[in-house]
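> Give me a 3D structure for the following:
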Amino acid sequence: MPKANATHDEESAKAGTPAADYSLAELAAAVNLWCEEAGLEPANGQVGLALSERNIRFYRTSGLVDGPSAGGGRGYGETHLLQLTGIRILQAQGLPLRRIRELLYGRSLRELREIRERGRVEAQARTQPQPQPRPRHQLVPGESWQFTPVTPDVAVLLGPGRQITAEQLQRIREILAP
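Numbers count the residues shown, from 1 in each chain. Next up, the predicted model:
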């Protein structure tokens, strides 16, 4: 994102957050570490698992990331870190760079922080094993199931604590009648 976000480092200083002074390699490593800790991976094979210096240069050229605030191989700060984690979050959702640029361009430091936090929470929710409900038909050793004949060739198996009424049996027989 061209200098539209140049005030981010000023916002960072006002908020009492020290502006990091990353080199390009350190910035890539910081983003990769954050992605790893958050459990974030790209959704498709269009991008690599790890962010490289080359990727960052491409994103700068494409207008997705601001240029460094200083020369000499350093000058990358929190703004750049947040822009890049935002890109990785949206890539994990399968969005193309054109759409990512539309969503991130001109975002304030506060907004970029919120995007990063939401992305972290969503990534962790995707990686947490979800409890699987036990299928209702699963037999568990020690449980008492009731076997109730309906016709000579059909029976109903009722789970623990379940009862079938005479009316229900009659309706089942009517359904099964030729």
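> Just name the shakiest helix or strand of the protein by mean pLDDT.
helix 8-14 (a mean of 44; mean pLDDT, DSSP states H and E).
> center of this structure, which residue is that?
In the chain, the centroid-proximal residue (C-alpha atoms, centre = their mean) is residue 123; its distance is 3.0 Å.
> pLDDT value on that one, please?
pLDDT, residue 123: 81.
> what's the answer for residue 15, then?
pLDDT, residue 15: 42.
> can you list the domain ranges for the chain.
Listed domain ranges for the chain are 3-127, 133-178 (source: automatic domain parsing).
> Counting neighbours, what do you get for residue 146?
Counted with other C-beta atoms under 10 Å, the neighbours of residue 146 add up to 13. Quick note: C-beta positions are derived from backbone N, CA and C, even for glycine.
> Who are the contact partners of it?
Applying C-beta atoms under 8 Å, 6 or more residues apart in numbering, one finds that residue 146 lies in contact with 157, 158, 162.
> All the helices of this structure, residue numbers only.
In order along the chain, the chain carries the following helices (DSSP state H): 8-14, 24-38, 53-61, 78-92, 97-104, 109-127, 166-176.
> Residue 160 touches residue 139, doesn't it?
No: applying C-beta atoms under 8 Å, one finds residue 160 not in contact with residue 139, separated by 10.3 Å.
> Now for those two: what residues contact both?
Contacts common to residue 160 and residue 139, judged by C-beta under 8 Å, 6+ apart, are residue 145.
> coming back round to it: format the helices of the chain as JSON lines; extra columns: distance to residue 143.
Shown next, in JSON lines, are those (distance: least, C-beta to C-beta, whole Å):
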{"stretch": "helix 8-14", "distance to residue 143": "60"}
{"stretch": "helix 24-38", "distance to residue 143": "41"}
{"stretch": "helix 53-61", "distance to residue 143": "55"}
{"stretch": "helix 78-92", "distance to residue 143": "42"}
{"stretch": "helix 97-104", "distance to residue 143": "52"}
{"stretch": "helix 109-127", "distance to residue 143": "33"}
{"stretch": "helix 166-176", "distance to residue 143": "21"}
